[in-house]
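S.K.: Turn this into a model:
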Amino acid sequence: MNIGQAASASGVSVKMIRHYEAIGLIPKISRTFAGYRHYQARDIHLLRFIRRARDAGFSTAQIKKLLSLWQDQQRPAREVKQLAAAHLADLQTRISELESIAQALTQLVAHCHGDERPQCPILDNLAGGDTGR
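M.R.: Numbers count the residues shown, from 1 in each chain. I've put the predicted structure just below:
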């Protein structure tokens with residue numbers, strides 16, 4: 001199948017498929033005599049793996065490691081678990097940070113009159129409490 005069909009079948013955009021090939025996340029795809037990429041079922045399976053890993057929030061470097069582990073039939077499961085656990089811890093930290101930001105912004109929005117007055121606690125906060133005026 002061609003790249004457009006591979007994109008449809010895998011859920012990965014044509015642009016990202018080309019990018020993954022360029023950075024070595026996926027191997028170079030065989031080409032027809034006319035120079036068109038020709039994807040096999042195993043390529044689609046690989047692209048789906050990458051899409052699911054990306055959907056789970058793994059970085060490109062993490063996906064590269066996951067692919068390596070997935071393709072290694074002798075892999076120790078602990079390496080996969082360690083990678084996933086580290087990613088989970090990072091996600092939990094980011095969630096906590098976002099919750100703090102949302103709480104602070106909720107307070108600022110609640111205290112902004114949102115009318116014709118120029119005073120705005122949101123802008124004051126972003127300016128460090130001093131609007132410079």
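
S.K.: From here on, just use CA atoms for contacts and neighbour counts.
M.R.: Fine.

S.K.: all helices of this structure, in order?
M.R.: 3-10, 14-22, 41-55, 60-71, 77-111, 121-126 (DSSP state H).

S.K.: Let me have these in a markdown table, adding mean neighbour count as columns.
M.R.: Output for the helices of the chain, formatted as a markdown table (neighbours: other CA atoms under 10 Å):
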| stretch | mean neighbour count |
| --- | --- |
| helix 3-10 | 18 |
| helix 14-22 | 14 |
| helix 41-55 | 16 |
| helix 60-71 | 15 |
| helix 77-111 | 13 |
| helix 121-126 | 14 |
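
S.K.: How about residues contacting stretch 92-108?
M.R.: 121-122 (CA atoms under 8 Å, 6 or more residues apart in numbering).

S.K.: cool, stretch 48-55 as well?
M.R.: So stretch 48-55 is in contact with 10-12, 60, 63, going by CA under 8 Å, 6+ apart.

S.K.: returning to that earlier point: of all the helices of the chain, which one comes closest to Ser30?
M.R.: Set against Ser30 and scored by CA to CA, the helices of the chain come closest in helix 41-55, at 10.3 Å.

S.K.: can I see the domain layout of the protein?
M.R.: Per automatic domain parsing, the structural domains of the chain span 1-74, 76-133.

S.K.: Lowest average pLDDT across those domains?
M.R.: Out of the domains of the chain, domain 76-133 stands lowest, with a mean of 90 (criterion: mean pLDDT).
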